[in-house]
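Asker: here are the coordinates; sequence isn't available:
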C-alpha cells in the first residue's frame, strides 16, 4: 500500500481487483441508479470482468443509449449520462460515517443569517400629494 492510499479504480479495473464492496452506477439524464455488491457481480459474471463492462450493461437499458441500434444518431440529441461516481471520488462509498472524522466547514458566526427581521422600509408613491 503506497502512502497515498490504494490505487483509484478505473473502467479497466476487474471486479476481483475493485477495492470497494459496493459498485455504484448512476445516470445524469434519466435519474436511474443502481448499487451492486461486487461479490455478487463477480459470482454472477466473472471476477475478471471489467467495471467498464458493468457500466455498458447498465447503459444498455437506458432509453438514451447511443449504442442502441433502434436509435438514429442525432447531432444534438440526448445521450445517456451513465457514470461510476466512485471512480473520481477520493472517499470509498462503503466507509462508515464514524470513520470519516470531523469536517471543517468554512465560515462562522458572521456568515449566519440574522436572527431579527430587518426593519420594513416604507416606500412613497411618485406623485403623492405631499407638496
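Answerer: Thanks, I have the structure now. What you see is a predicted model, and the numbers here were worked out from it, not measured in a lab.

Asker: For the helix ranked longest in the chain, name the packing helices and strands.
Answerer: When the chain is parsed with DSSP state H, its longest helix is helix 51-60. The contact analysis (3 or more C-beta pairs under 8 Å, 6 or more residues apart in numbering; DSSP states H and E) places helix 51-60 against strand 22-27, strand 82-83. From N, CA and C alone the C-beta is placed, and that goes for glycine too.

Asker: run the last query once more with 10 Å
Answerer: strand 22-27, strand 33-37, helix 38-44, strand 82-83 (3 or more C-beta pairs under 10 Å, 6 or more residues apart in numbering; DSSP states H and E).

Asker: Dump these to JSON lines, plus mean neighbour count, mean pLDDT and distance to residue 74.
Answerer: As requested, the helices and strands packed on helix 51-60 are exported to JSON lines (neighbours: other C-beta atoms under 10 Å; pLDDT from 0 to 100; distance: least, C-beta to C-beta, whole Å):
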{"stretch": "strand 22-27", "mean neighbour count": "18", "mean pLDDT": "90", "distance to residue 74": "18"}
{"stretch": "strand 33-37", "mean neighbour count": "13", "mean pLDDT": "91", "distance to residue 74": "25"}
{"stretch": "helix 38-44", "mean neighbour count": "14", "mean pLDDT": "92", "distance to residue 74": "32"}
{"stretch": "strand 82-83", "mean neighbour count": "20", "mean pLDDT": "88", "distance to residue 74": "18"}
